[in-house]
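Participant: next one to model:
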Amino acid sequence: EIVDLLTTNKTDFFREPAHFDFLTARIVPQALAQAKPGRPVKFRLWSAASSYGAEAWTAAMLLAEQARIDPRLDWAVPGTDVPRRVVQDANRAIYPATELAPIPENLRDRYVMTAQKDGQAVGRIVPELRARVRFGNLNLMEAPYPVEAGLDVVFLRNVLIYFEPQVQEMVIRGTVAHLRPGGHLIVGHSESMTVHHEGLHQLAPGVFRKRGEG
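Facilitator: Presented below is the predicted three-dimensional model:
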């Protein structure tokens, strides 16, 4: 309960949209282009500081759209954070209509079910996405992390700014260890200067690629 009260849980749908543009314009197409024709393409994106889930659900909508274009894309989004209450809310996937407003209308119509709750307009993420997104408790201060290896993308946005430099380094190394060669680490725009890792190459503000082929 103390942890729940002390943690910061700022989040928005489509926050820092340039990162999501990079995901759909570069990262996913490259993964599909490198795959063998006709074979499913396993794609995993970890939202490592998922808060109430807006970041993970944003990515899920965009990956679902990519899969509509190319059905080979077999995607999933694990999300993790410390406070139990925000993880529970993220799994519940119910949000006030005002919080859902940043979602483009075509995506909102396709991936959000609307209703009234206690006289307030709310929306819930559709079951098709909820089947591919799961949230659990994880403290980034406690490496190594119980997360699968070989991930394509790690979103680690707007959390490093709350850590001391030595903790930042530990968290970056811990998350990068779960990326496949050629996978991408994405941090907040204001956090690019905090990333110092010999195995990463910066591609854009907040976007880093793990060296190696994959």
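
Participant: tell me which residue of the chain is furthest from the middle?
Facilitator: For the chain, the largest distance from the centre (Cα atoms, centre = their mean) belongs to Gly119, which lies 31.2 Å off.

Participant: okay, that residue: pLDDT?
Facilitator: Per-residue pLDDT puts Gly119 at 84.

Participant: relative to Ala18, how far out is it?
Facilitator: Distance, Gly119 to Ala18, using Cβ to Cβ, to the nearest Å: 37 Å. C-beta: built from backbone N, CA, C; applies to glycine.

Participant: ok, the residue farthest from the centre of the chain to Ala97 distance?
Facilitator: 12 Å.

Participant: just Leu23 next, same as before
Facilitator: 25 Å.

Participant: which one's more surrounded, these two?
Facilitator: Leu23 (23 against 15; other Cβ atoms under 10 Å).

Participant: next, give phi and psi for the more buried one.
Facilitator: phi -60, psi -50 (degrees, to the nearest 10).

Participant: hey, where'd the helices end up in the protein?
Facilitator: 2-6, 17-22, 28-34, 54-69, 84-92, 97-100, 105-111, 127-130, 165-176 (DSSP state H).

Participant: is it true that Tyr111 touches Met61?
Facilitator: Yes: assessed by Cβ atoms under 8 Å, Tyr111 is found in contact with Met61 at 5.0 Å.

Participant: any common contacting residues for the two?
Facilitator: Common neighbours of Tyr111 and Met61 (criterion: Cβ atoms under 8 Å, 6 or more residues apart in numbering): 103, 129.

Participant: what bridges to Leu156?
Facilitator: Val187 (DSSP bridges).

Participant: who touches it in this structure?
Facilitator: Counted by Cβ under 8 Å, 6+ apart, Leu156 has contacts 48-49, 171-172, 175, 185-187.
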